[in-house]
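Have a look at this prediction, sequence included:
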Amino acid sequence: MKQCTLCEGTGIVDGRRCEVCHGKGEVEQCLLCGSPIISSLKMEICESCEENHDIVLELDPLAGYSDIIIGKAYLGKVKRMGDVGYFVALNTSISGLIRRRDATKKYMLNQEVVVKAESLRDNRLDFIPLNIEKYTLIPFKKKIPLWRINDITDKAINGAVMIRGIVSRVQRTSGPTIFSIYDETGAIECAAFARGQRAYPAIDVENVVEVRGEVNLRQDKLQIEVKDMEKLYGSRQSVVRDAIDKVIEEEAAPSEIPPLVASPVGEELRGKMLLIAKELRKAVYKGIPILIRHHADCDGFIGGIALDIAIRPLLREHSPDKEAEWHLFRRSPSRAPFYEMEDVVRDLNYSHEDASRFGQSMPLVLIIDNGSTREDMPAIRKFKVYGSKILVVDHHYPGEVKDGKVEVDELVDIHVNPYLVGGDYTFTAGCLGVEIARLINPEVSEKIKHLPGIACSADRAKSEIADAYINIAMKKGYTKEDMLKIAECVDFEAFYLRFMDGKTLVEDFLGLGRLDRQRNLLQVVGSEVERLREQQLKTVLANAKSVKLANNLLLSTLDLDKYSHKFTYPPPGKTTGMLHDIKAGENSKRRTVTLAYGPDFVILRATEDVSRDMGLNVNIFVKELSEELPQAGIDGGGHEVAGSIKFVEGYRKPVLEKLAEKVAKLKA
Amino acid sequence: MKQCTLCEGTGIVDGRRCEVCHGKGEVEQCLLCGSPIISSLKMEICESCEENHDIVLELDPLAGYSDIIIGKAYLGKVKRMGDVGYFVALNTSISGLIRRRDATKKYMLNQEVVVKAESLRDNRLDFIPLNIEKYTLIPFKKKIPLWRINDITDKAINGAVMIRGIVSRVQRTSGPTIFSIYDETGAIECAAFARGQRAYPAIDVENVVEVRGEVNLRQDKLQIEVKDMEKLYGSRQSVVRDAIDKVIEEEAAPSEIPPLVASPVGEELRGKMLLIAKELRKAVYKGIPILIRHHADCDGFIGGIALDIAIRPLLREHSPDKEAEWHLFRRSPSRAPFYEMEDVVRDLNYSHEDASRFGQSMPLVLIIDNGSTREDMPAIRKFKVYGSKILVVDHHYPGEVKDGKVEVDELVDIHVNPYLVGGDYTFTAGCLGVEIARLINPEVSEKIKHLPGIACSADRAKSEIADAYINIAMKKGYTKEDMLKIAECVDFEAFYLRFMDGKTLVEDFLGLGRLDRQRNLLQVVGSEVERLREQQLKTVLANAKSVKLANNLLLSTLDLDKYSHKFTYPPPGKTTGMLHDIKAGENSKRRTVTLAYGPDFVILRATEDVSRDMGLNVNIFVKELSEELPQAGIDGGGHEVAGSIKFVEGYRKPVLEKLAEKVAKLKA
Amino acid sequence: MKQCTLCEGTGIVDGRRCEVCHGKGEVEQCLLCGSPIISSLKMEICESCEENHDIVLELDPLAGYSDIIIGKAYLGKVKRMGDVGYFVALNTSISGLIRRRDATKKYMLNQEVVVKAESLRDNRLDFIPLNIEKYTLIPFKKKIPLWRINDITDKAINGAVMIRGIVSRVQRTSGPTIFSIYDETGAIECAAFARGQRAYPAIDVENVVEVRGEVNLRQDKLQIEVKDMEKLYGSRQSVVRDAIDKVIEEEAAPSEIPPLVASPVGEELRGKMLLIAKELRKAVYKGIPILIRHHADCDGFIGGIALDIAIRPLLREHSPDKEAEWHLFRRSPSRAPFYEMEDVVRDLNYSHEDASRFGQSMPLVLIIDNGSTREDMPAIRKFKVYGSKILVVDHHYPGEVKDGKVEVDELVDIHVNPYLVGGDYTFTAGCLGVEIARLINPEVSEKIKHLPGIACSADRAKSEIADAYINIAMKKGYTKEDMLKIAECVDFEAFYLRFMDGKTLVEDFLGLGRLDRQRNLLQVVGSEVERLREQQLKTVLANAKSVKLANNLLLSTLDLDKYSHKFTYPPPGKTTGMLHDIKAGENSKRRTVTLAYGPDFVILRATEDVSRDMGLNVNIFVKELSEELPQAGIDGGGHEVAGSIKFVEGYRKPVLEKLAEKVAKLKA
Ligand SMILES: [Zn+2]
Ligand SMILES: [Zn+2]
Ligand SMILES: [Zn+2]
Ligand SMILES: [Zn+2]
Ligand SMILES: [Zn+2]
Ligand SMILES: [Zn+2]
């Protein structure tokens, strides 16, 4: 094909259909001399070339009887000899007969022979053999209409189609190589047969291709059996890609559903939340695997599960692979309060395995309730080397904000965090995740709208926004006690789930499954959690020491190593929180600070007023201690009034002494 | 269909065949007016309705040429136009011709047309078009005989069948949805095609269904290709379910093979052992997954493996899924001496995954050599929320027995434990497991009958029952030394196997595989175990301290943390046992007590006479210590003379002092 | 068949073709009387027996119309009754007609009937029924030509073939049982249908079989549909096996590519390296799974990955299973510096699972950068019980060499280690692995030739050989700094990879993938590693103590437990090395020794001159300490100047004191 020179590809000359290309904008070129062909002949040879050459046509595998032109010469192969003559095949589906009386010589099985199409009636084709030795062999490429993938329905079965699209997956099976291809309307699997080899080794994920083949029904699934696949280049490539990208950009545009809770901070974040929703939707359309990592606590689980619930139905709907939700989606909890080196090595290992074994591209990575801090950077940086987009949805303090950016933004593609727009941690990851899930898939909105309230309870978020979310949950029938209990139970499960996603179990706790199960689980697990907390508290309270400092603070200390149950629930951080809450509750009129320490760490909790009125800030303590004890390997941080400090065991005593001193020196 | 009102469904009136229903008990009802149809006509329309309506029949996909009634009107679709006329299809397998001369107008491809069946000869069907606009369309449902699943053999291939049964599994494959269905005779897979959707989304595991379809051979397996599946309700449902339940109850009845060792305790337990055998057999027949959890020591492995060996052949025989033993059976060792929270979270996670991905129901859970104590309860309670039946086979002290019941019985469906009927731990879990395995599948009896002897040796069981079992093993050629060595080796493997089931390896040790391998393994691993034990003992013996107390007891103490190899074999419990056995052996005339402690635990061993004559009981020590040191987080227990006590590290000194005091105060 | 007695199987008599067997060397025997049959008749009955018996032939499933002998009697089955007569089938593909007028009685469907073949034209076969009651039924086994597997190409599709070969895998699928069979030319999968049963249960891996069947194309793969499979015995078996073995021995012969670096040690090792290459190639040809275990450090990864890269393409080329590289190859890192009990239990468990589930044989095991020492023996010994061949490629000191053998050689089948031939650890496992990989598959040589240089840098190898390898890497553009950085980064990844093979990630670091990724990874991970090292060093250097001893040694000590970051990178061994390198560097004129200790171990590093000039040797210290403190559970060892000593915690003080004493007593 060649652009029509008269209309310059527009198909229109002076407002009327171009006479050269009949409005198509393109003209065919003679395969031999290159001159344009205007006639409606089926061959791509101009009339003059046809006269001057002994043209013999070679049919492509898609040609059928209706493509035969009586009188033309074809190259065939002898496939059977019978009493009546020789049966000659032109391709796998067309054959005709050289009557014995017309056969001027004997042919061998599988011998090539040039024949003239003599007559055709009811798919009965008769040939006359042509005894020419020299001829010009011309490929006859059957013209197949270009289909949009979505138009390929049952009616197209056994028919020939041509599609143009982008490859999203290349799976070498024990049978054919399966190319998943999408265009602007949908996706389909194309099976290419190459007798044990990887078919079309030059064609890979992300390439734009033109596929010609036959539609068939394989294992109850529409599939194209590839007869011919071509990688497109240059403008042919970009035209297809641009068209697809344009439609996917439109289709992937998230719904404009209003947030559950309107707030200035939410309004500021909305733009980036829409972008994240769009990226996730695009990944679904493009067959890009999605990897969600979330903090292994109740808030993190809620954020991750909300997205999980929103994305899976889209995968089921849009993917040509019925098991897409298992192949193209993974959600994993991260035990650490950041995206750890162990996590990323695991994620990369499995992503690489999928890539080499199933021809998948590297995943789109979304980190939720983690991902914002400096500690996340080494792992994220490593994933970036493999070209993955990294999306972060977090509510942890991301460090100092300059021009709306923080340190991690040099790596992260889209970063949603209330701190970036003047908000704080009370707009929890669970809230953010639910709002994004609703943008991705508004149909799940009703089902998940009570989750942010639980997330806020779990993260002890106290703010107007948090209260509004909690109210929504209360309207759905959850009391504040219910929410705290659910949060506690999910934390408990998370403690044992480790790397498992715990899908059904956690969903049941969150009231996303059968409600009788939620009730039973809360009763059964709730009482076990209560028992374990009581058991821990009994020992902890008996052994913690509290002193009133000169600055009127109540300082409680506890040796976790000596006076708490280890390697069981509740873990040290939670144990410290429980102790602190009790101490603060018992002394509600006094500002209180709690220090609980192990061999190489100390956990600090303080009432908010110690920060507000006296300037306590864990991060400042960490900084000062690093300077005062440079040889102690000081590290750590957290929120102002809740964090931990790590050190090497040999410095436990001086670190604790200095810390106590600092607390004692605080002034209102 | 409707119950015949004359015979009331019995088919018999006054001892003779009912004339209304011809003895079927049911009469057909006219689809239009509901009046009974007595004639043998193929349509479900009464004669009067047929006269009063323009009846047009719509054939179902299973109807064939022999179902055509000449003269009746049918709804068809134009499928091909030829020179001779229009070919009209009534369903995918029946079509006939409207001759061109009879066609009163032109039809489009796929146009609906009402035709009268004019003549039928040799499957050549001729139609006359009927130009009626208004008519009453009546489904013509081909009557297909009801088959029992077991009767569907190769002879039925390509034939139409109807079955009624219960759904045991619904797997959404990348092709059709596969429903596993069982009736009272067997099970079969039914493939329902729904072009990428989950077929019959309203039909789920446990439902009673009627399936009409065609038998075919798919991948060398007989399968029903579903044409039509209906969920049954009300009495139609209960009739089927009851019939199946009744037969499965009978079929699942365990064999009445006598026990290997007869004993009063065994006799008392036999009823519940039969019930457990029956539950497991029923699970096989019903396609319910089976999950076996056993203690990770030799006795536990023996119990679990005996059941494993008994159940797998049944799965192979009765399941329509050739890989059933991988899909419907899982056996896992539990490291802790109880069913831990970590275990149950893992089990639930994988069961939920199987349920959502493969449409399986939740498993039947059997816990062996664990499961009887209060510590097992939180995990069991959690599984119960998901409706699983819980079976326990244990020989650990289950707490106080009241009316033949213990605390855990509020949760456990069937509980076999010698303590419930006046026996004790010497009837070990391995013995119980082997006896139950024999009830499940008597064919394995000979193969596994030496296992209880090994289990008794492993658990140091000394009693008449244990001796009898040991004798059986001895008759099979195992010396007592062999048995102890096997036990030691299996414990060693269990230490490294962790969560793996170690099937072949442990079976080889137990003499269930090739005997040359057993010999070699025992030699190779036995000497390695010996080396590790020697190495541990050398250090332990040199550093343990022994004193003779005033009450004539020999008390040995050891700081395991300081004076034993850690994180290697033998672990602390076994190390303490070894030390104690040597001390007791060296001082065979003196009652001896051994206390070996780590940072937050102490392990106690005593000779039986200290309990018998002086009343030592670990459980009492635990209780007393909890009261004396309430802030020390005391926990633990065990047998009278073998158990462990946990505490928080800070109280090691007072706990040890008080323990030593208690031992010193014991009086004969 | 029977050896021809005239020519004695040679086919030749007096230089001319034998007249009895027509040169075939074999004569057919009459199935009834055993006398030789000389004619070319299709039946295996001699003429005289044919005359004396009423012979009726029973066709095998492969016989076709061309095998029918007009006039002979056949056993058939009535399959259809029509107006014209009875259609009688002789097997699934041959049937003929008894015309109604010839039918002397009525037949039932499926009734057996003896017929005479009357006429055959164009596959239309006419029968005359024979009313005989007593006859001699003779199997007519169609003679099918023996094919070499490699000759079975597309042209053979739908044709009947016979092959003789060895079974390498028997997979019971949800459909047919799949036998993988290889002969001297190649391998193919043969599908045997047994309606849900394991087909041919007596035939197993390693058996020699004769398969007769039909070639078909299943899922784009040539496969034999088994009609008949027979296990061969005696000489029939050995002839086939010997022929295959002979060819595989030849084919598996490794290429004679010269080493990258020539050296006397390399020359000495070459013989065994060729043997190892051959074993691995043979495993590929024979479908034996390959298991590679390597030390989890940079040198070990290089050795393992070089082999990985060499073997996978062979598997893709030679295996009939397209996913062979996932089914028949596994590479795992071992964290310990020896093949641990945990590793072997895991490996055995998975190998046993594969064996029982997929019918695979036990794997060929290759251990690299581990495997040579006494500590490896218990695990290797265990694998040996299962008959696996064990290959070891190591450069760790294997203990005293006697007659070219060391202790581990009693277990290992082929052992490559420079110490066995007078070399040392500077010929690292990475170098050895790369050289063997080149022998296995010379095509990868260019790609991997820079790896040994990196391995030598990683293991701090300093020798002529190491320098030569490093030079090769430098010529490929790697500076020494690059190599050290890569080594450090791979160690870092190995720390987090644990049991994962990290294929793509580590390959990218090693420059085996995209080079831009290597650059980015080194930059990103390199700086993270640097940060962690700095952080560790800061604490370690501030807290290590150094003293100058009277013997002029600089002794540095560090309490790792108190003064280093634990459970993070760098781990204790590397931390000690870093400290030692700095101390030695700062005091380059002084011999230096570093002792870093934890609760139950001490790591020793010394400059080489302390060993060379003063005789320091960790292994001697271990031996002395064991004698001096027999109760301390002393264990350990290593190189002369780099090793570790373990003890039970309670003896830390005396062990450290004695060690310091020993160091102080060293004399130049
Ligand atoms: Zn959060
Ligand atoms: Zn969180
Ligand atoms: Zn037991
Ligand atoms: Zn046990
Ligand atoms: Zn090495
Ligand atoms: Zn190494």
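That came in fine, so what should we check first? Ligands and ions are numbered 1, 2, ... in the order given.

show me where the stretch 251-400 of chain A has helices.
Taking DSSP state H, counting those that start in this stretch, the helices of the stretch 251-400 of chain A run over residues A:264-286, A:298-318, A:324-327, A:341-358, A:377-385.

Of those helices, which is nearest ligand 6?
Minimum separation from ligand 6 across the helices of the stretch 251-400 of chain A (Cβ to the ion) falls at helix A:341-358, 19.0 Å. Every residue, glycine included, has its C-beta placed from N, CA and C.

what is residue A:74 paired to in the beta sheet?
residue A:57, residue A:115 (DSSP bridges).

Over to residue A:138?
Applying DSSP bridges, one finds that residue A:138 bridges with residue A:57.

Was I right to think it contacts residue A:57?
Yes. Taking Cβ atoms under 8 Å as the definition, residue A:138 is a contact partner of residue A:57 at 5.6 Å.

List the beta-bridge partners for the most centrally placed residue in chain A.
Centroid-nearest residue in chain A, with Cα atoms, centre = their mean: residue A:290, separated by 2.1 Å. Bridge pairing for residue A:290 (DSSP bridges) gives the partners residue A:329, residue A:364.

Would you confirm that it contacts residue A:283?
Yes. Counting by Cβ under 8 Å, residue A:290 does reach residue A:283; the two are 5.3 Å apart.

Could you name every residue contacting both of these two?
Both residue A:290 and residue A:283 are in contact with residue A:364, where contact means Cβ atoms under 8 Å, 6 or more residues apart in numbering or on different chains.

Could I get the contacting residues of the residue in the stretch 501-650 of chain A that ligand 1 sits nearest to?
Using Cβ to the ion, the closest approach of the stretch 501-650 of chain A to ligand 1 is made by residue A:639 at 10.8 Å. Each residue near residue A:639 by Cβ under 8 Å, 6+ apart is listed here: A:397, A:425, A:618.

so which of those residues is the most crowded?
residue A:618 (24 neighbours; other Cβ atoms under 10 Å in any protein chain shown).

Distance check, it against residue B:209.
62 Å (Cβ to Cβ, to the nearest Å).

likewise residue A:364?
In terms of Cβ to Cβ, residue A:364 sits 41 Å off from residue B:209.

So which residues of the stretch 451-600 of chain A form helices?
Using DSSP H, counting those that start in this stretch, helices in the stretch 451-600 of chain A cover A:451-458, A:464-475, A:480-497, A:503-509, A:515-543, A:560-563, A:572-586.

right, so these: which one is the most enclosed?
Ranked by average neighbour count under the criterion mean count of other Cβ atoms under 10 Å in any protein chain shown, these are headed by helix A:451-458 at a mean of 30.

I'd like the average pLDDT over that one.
On average, the pLDDT along helix A:451-458 is 97.

elements contacting that helix?
With contacts taken as 3 or more Cβ pairs under 8 Å, 6 or more residues apart in numbering or on different chains; DSSP states H and E, helix A:451-458 sits against helix A:298-318, helix A:429-440, helix A:464-475, helix A:480-497.

Can you dump the C-alpha atoms of the longest one in PDB for me?
This file holds the C-alpha atoms of helix A:298-318, laid out as PDB (Å, rounded to 0.1, in the frame of the first residue of the first chain):
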ATOM      1  CA  CYS A 298      -5.000  -3.100  60.100                       C
ATOM      2  CA  ASP A 299      -4.700   0.300  58.300                       C
ATOM      3  CA  GLY A 300      -2.400  -1.200  55.700                       C
ATOM      4  CA  PHE A 301      -4.500  -4.200  55.100                       C
ATOM      5  CA  ILE A 302      -7.600  -2.000  54.600                       C
ATOM      6  CA  GLY A 303      -5.800   0.100  52.100                       C
ATOM      7  CA  GLY A 304      -4.500  -2.900  50.200                       C
ATOM      8  CA  ILE A 305      -7.700  -4.900  50.400                       C
ATOM      9  CA  ALA A 306      -9.900  -2.000  49.200                       C
ATOM     10  CA  LEU A 307      -7.700  -1.700  46.100                       C
ATOM     11  CA  ASP A 308      -7.700  -5.500  45.700                       C
ATOM     12  CA  ILE A 309     -11.500  -5.600  45.800                       C
ATOM     13  CA  ALA A 310     -11.700  -2.800  43.200                       C
ATOM     14  CA  ILE A 311      -9.200  -4.200  40.800                       C
ATOM     15  CA  ARG A 312     -10.100  -7.900  40.600                       C
ATOM     16  CA  PRO A 313     -13.500  -7.400  38.900                       C
ATOM     17  CA  LEU A 314     -11.800  -5.300  36.200                       C
ATOM     18  CA  LEU A 315      -9.200  -8.000  35.600                       C
ATOM     19  CA  ARG A 316     -12.000 -10.600  35.300                       C
ATOM     20  CA  GLU A 317     -13.800  -8.300  32.800                       C
ATOM     21  CA  HIS A 318     -11.000  -7.000  30.700                       C
END
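
Show me which residues of it are buried.
A:298-312, A:314-316, A:318 (16 or more other Cβ atoms under 10 Å in any protein chain shown).

from the stretch 351-500 of chain A, which residue is nearest to chain C?
residue A:352 (3.6 Å; Cβ to the nearest Cβ).

if I read this right, that residue contacts residue C:503, doesn't it?
Yes. Residue A:352 is in contact with residue C:503 according to Cβ under 8 Å; the separation is 6.5 Å.

which strand in chain A runs the most residues?
strand A:160-172 (DSSP state E).

Tell me if residue A:216 really is in a helix.
No. With DSSP: H, G, I helix; E, B strand; the rest coil as the criterion, residue A:216 is strand rather than part of a helix.

Can you give me the neighbour number for the spatially closest residue to residue A:92 that is not a sequence neighbour?
Excluding its sequence neighbours, the residue lying closest to residue A:92 (Cβ to Cβ, 6 or more residues apart in numbering or on different chains) is residue A:61, at 6.0 Å. If you count neighbours by other Cβ under 10 Å, residue A:61 ends up with 16.

Can you check the pLDDT for residue A:61?
According to the model, residue A:61 scores 81 on pLDDT.

What of residue A:198?
84.

Could you show which parts of the stretch 501-650 of chain A are in contact with chain B?
Contacts of the stretch 501-650 of chain A with chain B, taken as Cβ under 8 Å from any Cβ of the partner chain, map to A:501-505, A:517, A:520-521, A:524-525, A:528, A:535-536, A:538-539, A:542-543, A:559, A:561-566, A:569.
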